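Give me a model of this one.
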Amino acid sequence: MKMIQGEEYIMTLLSYQVFMAVVEQESFQKAAQVLQLTPSAISHAVAGMESELGFPLFIRSKQGVYLTNYGKELFPYIKNVLNSDEYLHQAVAQFNGLQKGVVRVGVFNSACVEWMPSLLKGFEQEYPNVQLDIYQGTYDDVYHWLKDGVVDVGFLSASSVGELANDPIYKDRIVCVVPKDFKTEHPGYITIEELKKQHFVTQREGCDADVNNVMTKYGLPGGGGSYIVDDMSAISLVMGGYGVCLVPELVMRKMPFPVDIYPLEVKEERTIVLAYARGDVFAPAVSRVREYILEQFEGELNHEV
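Here you go, the predicted model:
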(Lines give C-alpha, C1' and ligand atoms only; values in the text may rest on other atoms or scores of the structure.)
Protein backbone atom coordinates (compact mmCIF):
# COMPACT_ATOMS: atom_id res chain seq x y z
CA MET A 1 0.00 0.00 0.00
CA LYS A 2 1.45 3.34 -1.07
CA MET A 3 1.97 5.85 1.77
CA ILE A 4 1.77 9.62 1.40
CA GLN A 5 2.87 11.92 4.21
CA GLY A 6 2.60 9.03 6.67
CA GLU A 7 -1.04 8.21 5.83
CA GLU A 8 -2.63 5.45 3.76
CA TYR A 9 -3.28 6.19 0.10
CA ILE A 10 -7.02 5.44 -0.17
CA MET A 11 -8.20 7.16 -3.35
CA THR A 12 -11.10 5.17 -4.78
CA LEU A 13 -12.30 4.45 -8.29
CA LEU A 14 -14.85 7.25 -7.82
CA SER A 15 -11.97 9.63 -7.10
CA TYR A 16 -10.44 8.75 -10.45
CA GLN A 17 -13.79 9.14 -12.20
CA VAL A 18 -14.24 12.59 -10.66
CA PHE A 19 -10.70 13.56 -11.70
CA MET A 20 -11.30 12.46 -15.31
CA ALA A 21 -14.72 14.11 -15.54
CA VAL A 22 -13.29 17.44 -14.38
CA VAL A 23 -10.42 17.14 -16.88
CA GLU A 24 -12.77 16.39 -19.77
CA GLN A 25 -15.44 18.96 -18.87
CA GLU A 26 -13.08 21.69 -17.58
CA SER A 27 -15.77 22.54 -15.04
CA PHE A 28 -16.90 21.20 -11.66
CA GLN A 29 -20.52 21.99 -12.57
CA LYS A 30 -20.41 20.04 -15.86
CA ALA A 31 -18.49 17.17 -14.25
CA ALA A 32 -21.25 16.95 -11.64
CA GLN A 33 -23.87 16.68 -14.38
CA VAL A 34 -21.94 13.93 -16.17
CA LEU A 35 -21.50 11.89 -12.99
CA GLN A 36 -24.96 12.76 -11.65
CA LEU A 37 -23.50 14.24 -8.47
CA THR A 38 -23.83 17.67 -6.89
CA PRO A 39 -21.17 20.32 -7.62
CA SER A 40 -20.34 20.40 -3.91
CA ALA A 41 -19.70 16.64 -4.00
CA ILE A 42 -17.27 17.17 -6.90
CA SER A 43 -15.51 20.00 -5.06
CA HIS A 44 -15.29 17.90 -1.90
CA ALA A 45 -13.88 14.93 -3.82
CA VAL A 46 -11.24 17.05 -5.55
CA ALA A 47 -10.29 18.76 -2.28
CA GLY A 48 -9.98 15.34 -0.65
CA MET A 49 -7.71 14.07 -3.42
CA GLU A 50 -5.50 17.15 -3.25
CA SER A 51 -5.29 16.94 0.54
CA GLU A 52 -4.47 13.26 0.40
CA LEU A 53 -1.82 13.64 -2.30
CA GLY A 54 -0.26 16.74 -0.78
CA PHE A 55 -0.33 18.88 -3.91
CA PRO A 56 -2.92 20.67 -6.13
CA LEU A 57 -4.35 18.85 -9.14
CA PHE A 58 -6.31 21.69 -10.73
CA ILE A 59 -6.02 25.40 -11.42
CA ARG A 60 -9.35 27.20 -10.93
CA SER A 61 -9.92 30.31 -13.05
CA LYS A 62 -12.76 32.29 -14.62
CA GLN A 63 -11.98 30.57 -17.93
CA GLY A 64 -12.38 27.07 -16.49
CA VAL A 65 -10.62 24.36 -14.51
CA TYR A 66 -7.29 23.04 -15.80
CA LEU A 67 -4.66 20.55 -14.71
CA THR A 68 -1.58 21.65 -12.81
CA ASN A 69 1.77 20.15 -13.83
CA TYR A 70 1.25 17.57 -11.06
CA GLY A 71 -2.15 16.71 -12.49
CA LYS A 72 -0.72 16.39 -16.00
CA GLU A 73 1.87 13.92 -14.70
CA LEU A 74 -0.82 11.80 -13.01
CA PHE A 75 -3.28 11.94 -15.92
CA PRO A 76 -2.00 8.94 -17.95
CA TYR A 77 -1.82 6.73 -14.84
CA ILE A 78 -5.36 7.57 -13.77
CA LYS A 79 -6.56 7.08 -17.35
CA ASN A 80 -4.96 3.61 -17.37
CA VAL A 81 -6.73 2.71 -14.11
CA LEU A 82 -10.11 3.68 -15.57
CA ASN A 83 -9.38 1.88 -18.84
CA SER A 84 -8.41 -1.27 -16.94
CA ASP A 85 -11.63 -1.09 -14.93
CA GLU A 86 -13.64 -0.83 -18.16
CA TYR A 87 -11.76 -3.79 -19.66
CA LEU A 88 -12.46 -5.80 -16.51
CA HIS A 89 -16.19 -5.10 -16.75
CA GLN A 90 -16.16 -6.07 -20.41
CA ALA A 91 -14.32 -9.33 -19.69
CA VAL A 92 -16.80 -10.26 -16.95
CA ALA A 93 -19.70 -9.46 -19.28
CA GLN A 94 -18.17 -11.69 -21.94
CA PHE A 95 -17.78 -14.56 -19.48
CA ASN A 96 -21.50 -14.19 -18.77
CA GLY A 97 -22.33 -14.39 -22.47
CA LEU A 98 -23.01 -10.66 -22.85
CA GLN A 99 -21.57 -8.08 -25.23
CA LYS A 100 -21.30 -4.92 -23.16
CA GLY A 101 -18.98 -1.98 -22.79
CA VAL A 102 -18.03 1.52 -23.90
CA VAL A 103 -15.61 1.99 -26.79
CA ARG A 104 -14.20 5.41 -27.65
CA VAL A 105 -13.44 6.05 -31.31
CA GLY A 106 -11.23 8.88 -32.56
CA VAL A 107 -11.89 10.12 -36.09
CA PHE A 108 -10.76 12.97 -38.34
CA ASN A 109 -13.30 15.25 -40.01
CA SER A 110 -13.86 13.78 -43.48
CA ALA A 111 -14.00 10.19 -42.19
CA CYS A 112 -16.50 11.28 -39.54
CA VAL A 113 -18.80 12.93 -42.08
CA GLU A 114 -18.61 10.16 -44.68
CA TRP A 115 -18.43 6.96 -42.62
CA MET A 116 -19.54 7.37 -39.03
CA PRO A 117 -23.33 7.69 -39.54
CA SER A 118 -23.61 4.29 -41.28
CA LEU A 119 -20.98 2.64 -39.06
CA LEU A 120 -22.73 3.77 -35.89
CA LYS A 121 -26.15 2.68 -37.11
CA GLY A 122 -24.95 -0.73 -38.30
CA PHE A 123 -22.89 -1.44 -35.20
CA GLU A 124 -25.71 -0.45 -32.86
CA GLN A 125 -28.05 -2.87 -34.62
CA GLU A 126 -25.56 -5.73 -34.27
CA TYR A 127 -24.27 -4.91 -30.76
CA PRO A 128 -26.97 -2.85 -28.99
CA ASN A 129 -25.28 -3.14 -25.58
CA VAL A 130 -21.93 -1.69 -26.70
CA GLN A 131 -21.82 2.11 -26.57
CA LEU A 132 -19.64 3.98 -29.07
CA ASP A 133 -18.39 7.43 -28.03
CA ILE A 134 -17.05 9.51 -30.94
CA TYR A 135 -14.15 11.96 -30.57
CA GLN A 136 -13.68 14.14 -33.67
CA GLY A 137 -10.44 16.02 -34.29
CA THR A 138 -7.36 16.46 -36.47
CA TYR A 139 -4.77 13.77 -37.21
CA ASP A 140 -2.69 15.13 -34.34
CA ASP A 141 -5.66 15.06 -31.99
CA VAL A 142 -6.50 11.43 -32.78
CA TYR A 143 -2.86 10.35 -32.51
CA HIS A 144 -2.43 11.89 -29.07
CA TRP A 145 -5.82 10.61 -27.88
CA LEU A 146 -4.64 7.10 -28.75
CA LYS A 147 -1.26 7.60 -27.09
CA ASP A 148 -2.87 8.96 -23.91
CA GLY A 149 -5.58 6.29 -23.77
CA VAL A 150 -8.38 8.81 -24.29
CA VAL A 151 -9.74 6.71 -27.19
CA ASP A 152 -9.46 2.98 -27.82
CA VAL A 153 -9.36 2.96 -31.62
CA GLY A 154 -8.92 5.74 -34.14
CA PHE A 155 -9.06 6.52 -37.83
CA LEU A 156 -5.76 8.00 -39.00
CA SER A 157 -3.67 8.47 -42.09
CA ALA A 158 -0.67 6.16 -42.43
CA SER A 159 1.45 9.33 -42.60
CA SER A 160 0.41 10.26 -39.05
CA VAL A 161 0.11 6.91 -37.27
CA GLY A 162 3.71 6.78 -36.05
CA GLU A 163 4.50 3.67 -34.01
CA LEU A 164 0.88 2.81 -33.22
CA ALA A 165 -0.41 -0.63 -34.18
CA ASN A 166 -2.84 -0.33 -37.09
CA ASP A 167 -4.70 -1.99 -39.95
CA PRO A 168 -4.82 -0.23 -43.36
CA ILE A 169 -8.42 0.03 -44.57
CA TYR A 170 -8.81 2.54 -47.42
CA LYS A 171 -6.91 4.37 -50.18
CA ASP A 172 -8.00 7.94 -50.86
CA ARG A 173 -6.86 9.89 -53.93
CA ILE A 174 -5.52 13.45 -53.58
CA VAL A 175 -7.41 15.85 -55.89
CA CYS A 176 -7.36 19.56 -56.70
CA VAL A 177 -10.35 21.78 -55.89
CA VAL A 178 -10.77 24.94 -57.99
CA PRO A 179 -13.37 27.71 -58.44
CA LYS A 180 -16.16 27.07 -60.95
CA ASP A 181 -14.70 29.43 -63.58
CA PHE A 182 -11.22 27.84 -63.45
CA LYS A 183 -9.95 26.32 -66.74
CA THR A 184 -7.16 23.72 -66.84
CA GLU A 185 -4.70 23.45 -69.71
CA HIS A 186 -5.71 19.83 -70.25
CA PRO A 187 -9.31 18.61 -70.09
CA GLY A 188 -9.95 16.25 -67.20
CA TYR A 189 -6.82 16.80 -65.09
CA ILE A 190 -4.37 19.41 -63.79
CA THR A 191 -0.59 19.29 -64.10
CA ILE A 192 2.07 19.99 -61.50
CA GLU A 193 3.38 22.88 -63.61
CA GLU A 194 -0.08 24.47 -63.58
CA LEU A 195 -0.30 24.03 -59.83
CA LYS A 196 3.01 25.82 -59.32
CA LYS A 197 1.43 28.99 -60.75
CA GLN A 198 -1.56 28.96 -58.37
CA HIS A 199 -2.25 30.56 -55.02
CA PHE A 200 -3.01 27.80 -52.53
CA VAL A 201 -5.41 27.65 -49.62
CA THR A 202 -3.64 25.37 -47.17
CA GLN A 203 -4.54 23.89 -43.81
CA ARG A 204 -2.40 24.21 -40.73
CA GLU A 205 0.28 21.53 -40.43
CA GLY A 206 -1.11 18.60 -38.45
CA CYS A 207 -4.58 19.05 -39.96
CA ASP A 208 -3.66 17.42 -43.27
CA ALA A 209 -0.19 15.91 -43.28
CA ASP A 210 -0.81 14.02 -46.55
CA VAL A 211 -1.51 17.16 -48.57
CA ASN A 212 1.43 18.94 -46.96
CA ASN A 213 3.65 16.00 -47.97
CA VAL A 214 2.46 16.19 -51.59
CA MET A 215 3.04 19.94 -51.75
CA THR A 216 6.54 19.54 -50.35
CA LYS A 217 7.30 16.66 -52.73
CA TYR A 218 6.51 18.75 -55.84
CA GLY A 219 7.65 22.12 -54.54
CA LEU A 220 4.19 23.68 -54.62
CA PRO A 221 3.73 27.13 -53.05
CA GLY A 222 2.23 27.36 -49.57
CA GLY A 223 -0.76 29.39 -48.56
CA GLY A 224 1.09 32.42 -47.22
CA GLY A 225 -0.76 33.71 -44.17
CA SER A 226 -3.55 31.13 -44.33
CA TYR A 227 -3.86 28.87 -41.28
CA ILE A 228 -7.09 26.98 -41.95
CA VAL A 229 -8.03 24.16 -39.57
CA ASP A 230 -11.08 22.59 -41.23
CA ASP A 231 -12.02 21.34 -44.69
CA MET A 232 -15.22 23.37 -45.10
CA SER A 233 -13.46 26.69 -44.48
CA ALA A 234 -10.76 25.83 -47.03
CA ILE A 235 -13.29 24.89 -49.72
CA SER A 236 -15.35 28.01 -48.98
CA LEU A 237 -12.29 30.17 -49.68
CA VAL A 238 -11.70 28.31 -52.96
CA MET A 239 -15.33 28.89 -53.96
CA GLY A 240 -14.81 32.61 -53.31
CA GLY A 241 -11.87 32.70 -55.72
CA TYR A 242 -9.15 33.05 -53.08
CA GLY A 243 -7.12 30.19 -54.57
CA VAL A 244 -7.07 26.43 -55.14
CA CYS A 245 -6.42 23.60 -52.72
CA LEU A 246 -5.40 19.96 -52.65
CA VAL A 247 -7.55 17.63 -50.57
CA PRO A 248 -8.17 13.90 -50.21
CA GLU A 249 -11.17 12.96 -52.36
CA LEU A 250 -13.13 11.78 -49.31
CA VAL A 251 -13.35 15.41 -48.16
CA MET A 252 -15.45 16.34 -51.20
CA ARG A 253 -18.04 13.55 -51.02
CA LYS A 254 -20.59 15.65 -49.10
CA MET A 255 -19.16 19.14 -49.52
CA PRO A 256 -22.05 21.52 -50.39
CA PHE A 257 -20.07 24.21 -52.26
CA PRO A 258 -20.21 24.83 -56.06
CA VAL A 259 -16.59 24.12 -57.01
CA ASP A 260 -14.87 21.84 -59.53
CA ILE A 261 -12.60 18.89 -58.76
CA TYR A 262 -9.70 17.72 -60.93
CA PRO A 263 -7.43 14.71 -60.51
CA LEU A 264 -3.70 15.35 -60.58
CA GLU A 265 -1.63 14.23 -63.55
CA VAL A 266 0.38 12.16 -61.05
CA LYS A 267 -1.13 9.54 -58.77
CA GLU A 268 -1.00 10.64 -55.14
CA GLU A 269 -3.09 9.15 -52.35
CA ARG A 270 -3.33 8.70 -48.62
CA THR A 271 -3.82 5.37 -46.90
CA ILE A 272 -6.35 5.50 -44.08
CA VAL A 273 -5.75 3.11 -41.20
CA LEU A 274 -7.58 1.96 -38.10
CA ALA A 275 -5.12 2.48 -35.23
CA TYR A 276 -5.18 1.22 -31.66
CA ALA A 277 -4.25 2.52 -28.24
CA ARG A 278 -3.05 -0.99 -27.35
CA GLY A 279 -1.99 -3.27 -30.18
CA ASP A 280 -1.12 -6.28 -28.06
CA VAL A 281 -4.44 -6.94 -26.33
CA PHE A 282 -8.02 -5.79 -26.94
CA ALA A 283 -10.86 -5.57 -24.46
CA PRO A 284 -13.83 -7.65 -25.67
CA ALA A 285 -15.92 -4.65 -26.77
CA VAL A 286 -12.92 -3.03 -28.49
CA SER A 287 -12.28 -6.29 -30.31
CA ARG A 288 -15.90 -6.32 -31.55
CA VAL A 289 -15.58 -2.75 -32.82
CA ARG A 290 -12.30 -3.52 -34.57
CA GLU A 291 -13.69 -6.63 -36.26
CA TYR A 292 -16.86 -4.83 -37.34
CA ILE A 293 -15.01 -1.88 -38.90
CA LEU A 294 -12.51 -4.12 -40.71
CA GLU A 295 -15.39 -6.14 -42.15
CA GLN A 296 -17.04 -2.98 -43.52
CA PHE A 297 -13.85 -1.97 -45.33
CA GLU A 298 -12.89 -5.40 -46.63
CA GLY A 299 -11.60 -5.04 -50.21
CA GLU A 300 -11.41 -1.22 -50.15
CA LEU A 301 -7.59 -1.21 -50.26
CA ASN A 302 -7.66 -2.86 -53.67
CA HIS A 303 -10.06 -0.45 -55.37
CA GLU A 304 -8.63 1.76 -58.11
CA VAL A 305 -8.23 5.38 -57.03
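
Listing request: residues of the chain with sub-threshold pLDDT.
Within the chain, the segments meeting pLDDT under 70 span 1-10, 95-98, 204-207, 223-227, 302-305.

where along it do the strands fall?
Along the chain, counting by DSSP state E, strands occupy 3-4, 7-8, 58-61, 64-67, 101-108, 130-137, 153-157, 166-178, 245-248, 260-263, 269-276.

which strands and helices sit next to the longest one?
What that stands for is strand 166-178. Judged by 3 or more C-beta pairs under 8 Å, 6 or more residues apart in numbering; DSSP states H and E, the packing partners of strand 166-178 are helix 209-217, helix 231-239, strand 245-248, strand 260-263, strand 269-276, helix 284-296. Yep, even glycine has a C-beta here, placed from its N, CA and C like the rest.

Of all those, which one comes closest to Asn83?
Judged by C-beta to C-beta, the one of these that comes nearest to Asn83 is helix 284-296, at 9.9 Å.

Which parts of the stretch 51-200 of the chain are helices?
Here the stretch 51-200 of the chain has its helices, by DSSP state H, counting those that start in this stretch, at 69-95, 109-126, 139-147, 192-195.

Quick check: which of the ones you listed is buried the most?
helix 139-147 (a mean of 20; mean count of other C-beta atoms under 10 Å).

Adding distance to Thr38 and mean neighbour count, write the strands of the chain out as TSV.
Below are these laid out as TSV (distance: least, C-beta to C-beta, whole Å; neighbours: other C-beta atoms under 10 Å):
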stretch	distance to Thr38	mean neighbour count
strand 3-4	27	10
strand 7-8	26	10
strand 58-61	17	13
strand 64-67	16	16
strand 101-108	24	23
strand 130-137	24	16
strand 153-157	34	25
strand 166-178	42	20
strand 245-248	47	26
strand 260-263	54	16
strand 269-276	37	22
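
And these: which comes nearest Ala285?
Closest to Ala285 of the strands of the chain is strand 101-108 (C-beta to C-beta; 3.0 Å).

helices and strands around that closest one, which ones?
Here strand 101-108 touches helix 69-95, strand 130-137, helix 139-147, strand 153-157, helix 284-296, going by 3+ C-beta pairs under 8 Å, 6+ apart.

and it, how far out from the chain's middle?
Averaging C-alpha positions (C-alpha atoms, centre = their mean, to the nearest Å) puts strand 101-108 9 Å from its chain's average.

do the same with stretch 125-137
In this view, stretch 125-137 has its centroid 14 Å away from the chain centroid, taken as C-alpha atoms, centre = their mean.

One more: stretch 53-72?
Using C-alpha atoms, centre = their mean, the distance between the centre of stretch 53-72 and that of its chain works out at 25 Å.

Kindly report the same for stretch 39-49.
So, by C-alpha atoms, centre = their mean, the centroid of stretch 39-49 is 30 Å from its chain's centroid.

Export the helices of the stretch 51-200 of the chain as a markdown table, with columns for distance to Glu52.
Conversion of the helices of the stretch 51-200 of the chain to a markdown table gives the following (distance: least, C-beta to C-beta, whole Å):
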| stretch | distance to Glu52 |
| --- | --- |
| helix 69-95 | 12 |
| helix 109-126 | 40 |
| helix 139-147 | 28 |
| helix 192-195 | 60 |
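
List of residues touching stretch 184-195?
Applying C-beta atoms under 8 Å, 6 or more residues apart in numbering, the external contacts of stretch 184-195 come out as 176, 178, 218, 220, 244, 246, 262-266.

Tell me how this structure divides into domains.
Using automatic domain parsing, the domains assigned to the chain come out as 3-76, 99-169+271-302, 172-269.

Same list (the ones you listed) but as TSV, adding distance to Ala93.
Output for these, formatted as TSV (distance: least, C-beta to C-beta, whole Å):
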stretch	distance to Ala93
domain 3-76	17
domain 99-169+271-302	4
domain 172-269	35
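
Mind checking those for the one nearest to Ser84?
Closest approach to Ser84 among the domains of the chain (C-beta to C-beta): domain 99-169+271-302, 9.3 Å.

end-to-end on stretch 184-193?
One end of stretch 184-193 to the other measures 11 Å (C-alpha to C-alpha, to the nearest Å).

And that stretch, what's buried?
With burial defined by 16 or more other C-beta atoms under 10 Å, the residues of stretch 184-193 counted as buried are Ile190.
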